[in-house]
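Chemist: A structural model of the following input is requested.
(chains A and B)
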Amino acid sequence: MENRIKEKEIKIIFLFVAALFAVFLLIPIARLFIKSFEFEGSIGLGNYIEVLTGRGFITAFGHSIAISSASAVVTTVLAFILTYTIHYSGIPKTYKLLIRRLAVLPMLLPTITYGFAIIYSFGKQGLITQILGRQLFDIYGFNGLLLGYVIYTLPVSFLLVSNTMEYVDKKFTVVSRIMGDNHIQTFIGTVLRPLLGTLAASFVQCFFLCFTDYGIPASVGGEYDVVATVLYNEMLGSIPNFNTGSTVAMFMLVPSVVTIALLHYLEKYNIRYNKISSIEIRKNTARDIILGAASGIILIAVISVFAVIFVVPLVYEWPYRIEFTLEHVKSVLTDRSLIGVYKNSIIVAVLTAFFGSLTTYGAALTTARSGISIKAKRLVENISLVTNTIPGMVIGIAYMLIFSGTPLQNTLAIIIICNIVHYFSTPYLMIKNSLSKMNASWETTAMLMGDTWLKTIVRVVTPNAMSTILEVFSYYFVNSMVTVSAVIFIAGARTMVITTKIKELQYYTKFNEIFVLSLLILLTNIIAKAVFGYLAVRKNKSKN
Amino acid sequence: MLEIKNLKKSYDGVTILHDINLKIEDGEIVSILGPSGCGKTTLLNLILGLTEADSGEIIFNGKDVAKCPMEERGFNIVFQDYALFPNLNVYKNITYGLKNKPNISTKQEVEDMIDLLGLREHLNKKIEQLSGGQKQRVALARTMVMKPKILLLDEPLSALDGVIKESIKEKIKQIAREFKLTTIIVTHDPEEALTLSDKVLIVNNGTISQFGKPQDIIQTPDNDFVKEFILNQLLIKKNNIFSLFAQGMSQRAEAV
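Modeler: Numbers count the residues shown, from 1 in each chain, chains lettered A, B, ... in the order given. I've put the predicted structure just below:
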């Protein structure tokens, strides 16, 4: 409905959001686009021809598609088993909670760490190799990548599938059984069919994440080149070529755009139930044991890969002197440069979380709770869509091209802005969702009570949105702590964050330091999650 | 007195309301009655000032307020879903507007309103601890504290069940009487409209079908719509209830 409420403030917020993304998304990406056509002083398709005909790009592209598809399938199947165990088996509640917690644990670590953890677990002298007495598989290349990608995408897939499964009306299982369906028919009709859209979405989302990640191939890629490694070498390798690099970046955008388009298309296949009813799960010990064991094995596999980061830095010299020591931890904690890097990471994460929450909250207010024009709302929606499409590496490279030589170069500010832009989409949707669920008449009512729009936002809307805002804060914080793909291109010597430092330490094979720093990230994230989770729950309680 | 002259409203070229002319005396309770989509909520929003009319006048106490922004008209509304603020308790909801206009009601007036609506024992409760009827009364109190010149109620009874409905009806009548407050109520239920208000405005297809006292509407319906949609519904209800009681009577007679 047309609204007569005047909202000067919301227009200012909208202009701020629009300007932010014009300067820090539109212009850099446009610059990158143009750069990809600059060839030997003129504009043309030269780079594209060069990229497509030389240096194994086609092979790498094929590798990327193959490994990303394989990982996406495996991840989605594993995530389905985990969620099915939670929602359809009678295993104890505490075990279900444990599955929920452990399945999302990898989110709290940077992907680059997974790679090193795999090396130290399954490598020739890895922890698991030592325990089993032989190496299970060659870790460099396809196998290592697959393992890394699966661990990386499992949390995302798990959250996606679990979220839908929660909202599948369980009563249909009863109806199906009463109608005489056998077990398989019931399973297909009332579990698999309603989840089809989500499972496909999970595949697409995982594919996208694998295709665009740099951290895992950086550590275990070996000779198996993927697009991300080609892109990195073009930009920061021994013979950098920004023009062909830009072209490779454009190629990386293609699957991204396709996957997001697919995700939107798949939304149609999601079945919406009017009412969610839960039913008592039938007693079936055999089923519980099988599902419980399957989930247990999946999670132990994930955890075992990480076990190594707790072991290696706490012994003298892996694998030759396996005696407990805090020496490595101490040496990291007394190394001024490493502590400086940790400080940088914390500053970046806190400021990203703060300004990111503000930006997404402002953007969500314009679309969910204002009478601003449809065009303006659509623009904000499109910003969210585009940020969801653009891989971190592409943003990082675009920033490197456009902000080199400006005062923003080598500042923490550029990293913070990059993170805010890169991770905009999910938190924006989270807040928008929560805001649009709130009573539509609040602003009118409050205005009749003499409030200005801004006053209503402060007195009513914000207090009611607080638990979601805290979730967004935590989302931005954790992601800033673990992100590597974008910042690797824009972090300078003085603005190193932990993840880029890890990449640097790789050159000097200082794995003790790498694992200690990874542990620091993990601990920081666990604490942050716990604190924000506690605050959000308290907010929710005080509201109820 | 509120007088509406030739009011017209359309959205994207589709006319929602046209030729609306009516006069409402001070202190009257008027129900706007009609099927869904007839334009009754739009009329309410036009009077409130939430939407702007295409043409026509809304004259309140001799002044045309049609171009006046909502917050300057001094009318107030209780929405169907109450729009209570869940982050504030009952008392803070009731006194919400006093933070902006501290002198609009005295402390005593607020206390009297709390007692009138029977909310004293609920003041420290959270909104979601309240029943539907209690929420309705809190929303009424919050609005009344602002001393509205006209009170608008959007479907005030539709979310309530039987007995509560009757008691809220009484409260609305009591408030209108005690404060000599012009009250305009939107409803789709003929029984509600005809038993609650001094006058009923029946709206159909975007215009006034009949405007009059409940007795007049029952006795001399102006047209087929009023006869078939409004009266027929009441008649069916009446017959159902009569037959229920008749059965009860005969059974009792048999038992004797």
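Chemist: residue B:119 and residue B:137 touch, don't they?
Modeler: Yes. Between residue B:119 and residue B:137 there is a contact under Cβ atoms under 8 Å: 5.9 Å. (Glycine included, C-beta is placed from N, CA and C.)
Chemist: which of the two has more neighbours?
Modeler: Higher neighbour count among residue B:119 and residue B:137: residue B:137, with 27 against 20, using other Cβ atoms under 10 Å in any protein chain shown.
Chemist: any idea which element the more buried one lies in?
Modeler: helix B:132-145 (DSSP states H and E).
Chemist: how about the residues of the stretch 1-150 of chain B near chain A?
Modeler: Selection of the stretch 1-150 of chain B residues close to chain A by Cβ under 8 Å from any Cβ of the partner chain yields B:11, B:45, B:49-52, B:69-71, B:75-77, B:79, B:81, B:83, B:85-88, B:96-97, B:99-101, B:126, B:128, B:142-143, B:146.
Chemist: please pick the buried ones from these.
Modeler: Among the residues of the stretch 1-150 of chain B next to chain A, those classed as buried by 16 or more other Cβ atoms under 10 Å in any protein chain shown are B:45, B:49-51, B:70-71, B:75-77, B:79, B:83, B:85-88, B:96-97, B:100, B:126, B:142-143, B:146.
Chemist: and those, which of them are in strands?
Modeler: Within these, residues falling in strands by DSSP state E are B:76, B:77.
Chemist: and the host helix or strand of residue A:204, what does it pack onto?
Modeler: According to DSSP H and E, residue A:204 maps onto helix A:193-212. Identification of packing neighbours for helix A:193-212 by 3 or more Cβ pairs under 8 Å, 6 or more residues apart in numbering or on different chains; DSSP states H and E yields helix A:57-88, helix A:142-166, helix A:227-236, helix A:242-266, helix A:392-403.
Chemist: how about the strands in chain A?
Modeler: Using DSSP E, the strands of chain A run over residues A:38-39, A:42-43, A:315-317, A:321-324.
Chemist: could you single out the most deeply buried of these?
Modeler: Highest mean neighbour count among the strands of chain A (mean count of other Cβ atoms under 10 Å in any protein chain shown): strand A:38-39, with a mean of 16.
Chemist: how far does that strand sit from the chain's center?
Modeler: Going by Cα atoms, centre = their mean, to the nearest Å, the spacing between the C-alpha centre of strand A:38-39 and its chain's C-alpha centre is 34 Å.
Chemist: check the burial of the closest residue to chain A within the stretch 151-256 of chain B by counting its neighbours.
Modeler: Per Cβ to the nearest Cβ, the residue of the stretch 151-256 of chain B with the smallest distance to chain A is residue B:154, at 8.9 Å. When neighbours are counted by other Cβ under 10 Å, residue B:154 registers 22.
Chemist: relative to residue A:188, how far out is it?
Modeler: As for residue B:154, its distance to residue A:188 is 47 Å (criterion: Cβ to Cβ, to the nearest Å).
Chemist: repeat for residue A:150
Modeler: Distance of residue A:150 to residue A:188, given as Cβ to Cβ: 25 Å.
Chemist: where exactly do the helices run in the stretch 101-250 of chain B?
Modeler: With helices called from DSSP state H, counting those that start in this stretch, the stretch 101-250 of chain B shows them at B:107-116, B:132-145, B:162-178, B:190-196, B:214-219, B:224-225, B:232-255.
Chemist: turn these into TSV, columns for mean pLDDT and distance to residue A:417.
Modeler: Formatted as TSV, these follow (pLDDT from 0 to 100; distance: least, Cβ to Cβ, whole Å):
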stretch	mean pLDDT	distance to residue A:417
helix B:107-116	94	49
helix B:132-145	93	43
helix B:162-178	89	54
helix B:190-196	92	57
helix B:214-219	93	66
helix B:224-225	92	62
helix B:232-255	82	63
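Chemist: please verify my assumption that residue A:35 contacts residue A:397.
Modeler: No. Using Cβ under 8 Å, residue A:35 is not in contact with residue A:397; the gap is 9.2 Å.
Chemist: which one of these two is surrounded by more residues?
Modeler: residue A:397 (31 against 21).
Chemist: which residues touch that one?
Modeler: Contact partners of residue A:397, counting by Cβ atoms under 8 Å, 6 or more residues apart in numbering or on different chains, are A:32, A:231, A:235, A:245, A:246, A:249, A:489.
Chemist: can you give me the neighbour number for the second one?
Modeler: Residues contacting residue A:231 under the criterion other Cβ under 10 Å number 30.
Chemist: measure it to chain B for me?
Modeler: 48 Å (Cβ to the nearest Cβ, to the nearest Å).
Chemist: just the helices and strands packed on helix A:193-212: most buried one?
Modeler: helix A:392-403 (a mean of 24).
Chemist: got the angle for that helix vs helix A:227-236?
Modeler: Using axes from the mean of the first three to the mean of the last three Cα atoms, to 10 degrees, the direction of helix A:392-403 lies 20 degrees away from that of helix A:227-236.
Chemist: CA atoms only: put helix A:392-403 into PDB for me.
Modeler: Extracted in PDB, the C-alpha atoms of helix A:392-403 (Å, rounded to 0.1, in the frame of the first residue of the first chain):
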ATOM      1  CA  GLY A 392      36.100 -13.300  -2.900                       C
ATOM      2  CA  MET A 393      39.100 -13.800  -5.200                       C
ATOM      3  CA  VAL A 394      37.500 -11.600  -7.900                       C
ATOM      4  CA  ILE A 395      36.700  -8.900  -5.400                       C
ATOM      5  CA  GLY A 396      40.200  -9.000  -4.000                       C
ATOM      6  CA  ILE A 397      41.700  -8.700  -7.500                       C
ATOM      7  CA  ALA A 398      39.400  -5.900  -8.500                       C
ATOM      8  CA  TYR A 399      40.400  -4.000  -5.300                       C
ATOM      9  CA  MET A 400      44.000  -4.600  -6.000                       C
ATOM     10  CA  LEU A 401      43.700  -3.100  -9.500                       C
ATOM     11  CA  ILE A 402      41.700  -0.100  -8.500                       C
ATOM     12  CA  PHE A 403      42.900   0.900  -5.100                       C
END
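Chemist: I'd like the distance from that helix to the chain centre, please.
Modeler: Centroid separation between helix A:392-403 and its chain, computed with Cα atoms, centre = their mean, is 19 Å.
Chemist: then stretch B:38-52?
Modeler: Offset of stretch B:38-52 from its chain centre (Cα atoms, centre = their mean): 13 Å.
Chemist: in the helix holding residue A:204, which residues are buried?
Modeler: A:194-195, A:197-212.
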